[in-house]
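Participant: sequence and predicted model, in that order:
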Amino acid sequence: MAVINHDTREVSFKLVYCGTPMGGKTTNLSFIHSRLGADHRGDLVALAAANDRTLFFDFLPVHTMVINGYHTKFMLYTVPGQVCYNATRQMVLRGADGIVFVADSQLDRMEENLTAWQGMQQNLADNGSSFADLPAILQFNKRDLPGPAPFAYMEYLLNSGPRRLRVFEAAASTGVNVFETLNALAQEVLQRFHQGTQPAPATTQPVPA
Amino acid sequence: MDSLTTYSGRVLQLGGGLSQQFRQILAGYVQESEVRYAALLEESGTICADAGDPALRDSGETGALAAGAYAALQAVAQRLGDGTFEGLFHEGKARQFCLTPVSPQFMLLSVFEAPVRFAIVKACASKAILRLQGQIETMPIATRSTAPPVRPAGDFSFEATALFNQA
């Protein structure tokens, strides 16, 4: 839920990175943290198990001045991707103002992509939210690995519904289209915030890696 | 603007001196209970108001973690068959803290250290919570049309200049 504090002149939004287990959600946040100046971000907090898998969530606050006179903060979260953390995922998704779905482009991960995609929509529904109403961006990650799934195939699996999302082909480990993904979602959230409750129009043109 | 508003756009607004009133209540609570720091958190972890030692305030990491811990423990309680939730308390060697429910959407974070006792904090917190609830409950629910405009400082179409640039 967006929070506006007119007294301190601050606006904050919650953006959540969801997606396939080991798909690169934490890598997105790590890259943003490493490349954003310290005056535009806080600390990256990672609640991970000993094997570096996300246990609860990762959190990174980033901020800028994009609303006239208001300090604007985007609180970036990741959710744990593993199926067993469904309840945790649902909790972190509560009150999200926007979502990045990070899909893994490796061919053998398509079933997990689909499971995570459907699970995310179910989590939102269980929270009383509707995915159809929420600003969202699709990121096809790991396009730099050999033999990625064809773009059209991933589009067919994840983006062939009535609502077509903007898609970024990314390589989060090297930062390709990481900031572009964040900026696109932030812009969509701000547009939505400014214009009202209608979903922002999505383009269908992919952004190549 | 003198309202705490929630409406279909899922936006919560604090204005018209409301956060100042929250701060005054928290400052009184800090003074009475001698806690080191107190903050009113929204369920997403956003700090709506705080008082006490400014060194304990950060960019939002503490709020996010506290709200996450609170929500997780509450979910565990529910799963174990307990419909009520009184918050959580950490008793550390250097510092102690507790998170206490204020309303379904807000919680109170109190950080304290010896010789301040939890029982005193709890008693003072219950009084502060009543005052916070009073402020929250008297605020009218507004519609989007009555909410003040907060206009972006630029063009946020998809082709617009990026908000964040990597170094």
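Facilitator: Yep, it's here.

Participant: contacts only, for the residue in chain A that chain B sits nearest to.
Facilitator: The nearest approach of chain A to chain B comes at A:Gly42, 2.9 Å away (CB to the nearest CB). In this view, the C-beta of every residue, glycine as well, is placed from N, C-alpha and C. For A:Gly42, the contacting residues are A:60-62, B:58-61, by CB atoms under 8 Å, 6 or more residues apart in numbering or on different chains.

Participant: pLDDT below threshold where in chain A?
Facilitator: For chain A, the stretches with pLDDT under 70 are A:195-209.

Participant: so which residue of chain B comes closest to chain A?
Facilitator: Closest point on chain B to chain A, by CB to the nearest CB, is B:Ser59, at 2.9 Å.

Participant: that residue: neighbouring residues, count only.
Facilitator: 17 (other CB atoms under 10 Å in any protein chain shown).

Participant: skipping adjacent residues, who's closest to it in space?
Facilitator: A:Gly42 (2.9 Å; CB to CB, 6 or more residues apart in numbering or on different chains).

Participant: can you give me the strands in chain B?
Facilitator: Along chain B, the segments classed as strands by DSSP state E run B:4-5, B:11-14, B:37-42, B:47-52, B:88-91, B:96-103, B:106-112.

Participant: contacts for the fifth one?
Facilitator: Outside strand B:88-91, the residues that touch it by CB under 8 Å, 6+ apart are B:69-70, B:73, B:96-99, B:118.

Participant: in that strand, what's buried?
Facilitator: B:Leu88 (16 or more other CB atoms under 10 Å in any protein chain shown).

Participant: neighbours around residue 25, how many?
Facilitator: Looking at chain A here, since you left the chain open. 29.

Participant: my question was about chain B, not that one.
Facilitator: Every residue meeting other CB under 10 Å relative to B:Ile25 is counted, giving 22.

Participant: just the pLDDT for it.
Facilitator: As predicted, B:Ile25 sits at a pLDDT of 97.

Participant: any idea how far A:Thr64 is from it?
Facilitator: 31 Å (CB to CB, to the nearest Å).

Participant: how far off strand B:47-52 does the longest helix that chain B contains point, in degrees?
Facilitator: Ranked by residue count and defined by DSSP state H, the top helix of chain B is helix B:118-138. Here the directions of helix B:118-138 and strand B:47-52 differ by 140 degrees (axes from the mean of the first three to the mean of the last three CA atoms, to 10 degrees).

Participant: from what I can see A:Ala136 touches A:Ala96, true?
Facilitator: No: using CB atoms under 8 Å, A:Ala136 makes no contact with A:Ala96, being 9.4 Å away.

Participant: hmm, back to that, got CSV for the contacts of A:Gly42, with distance to A:Asn183 too?
Facilitator: Converted to CSV, the contacts of A:Gly42 look like this (distance: CB to CB, whole Å):
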residue, distance to A:Asn183
A:Leu60, 15
A:Pro61, 16
A:Val62, 11
B:Asp58, 25
B:Ser59, 20
B:Gly60, 20
B:Glu61, 23
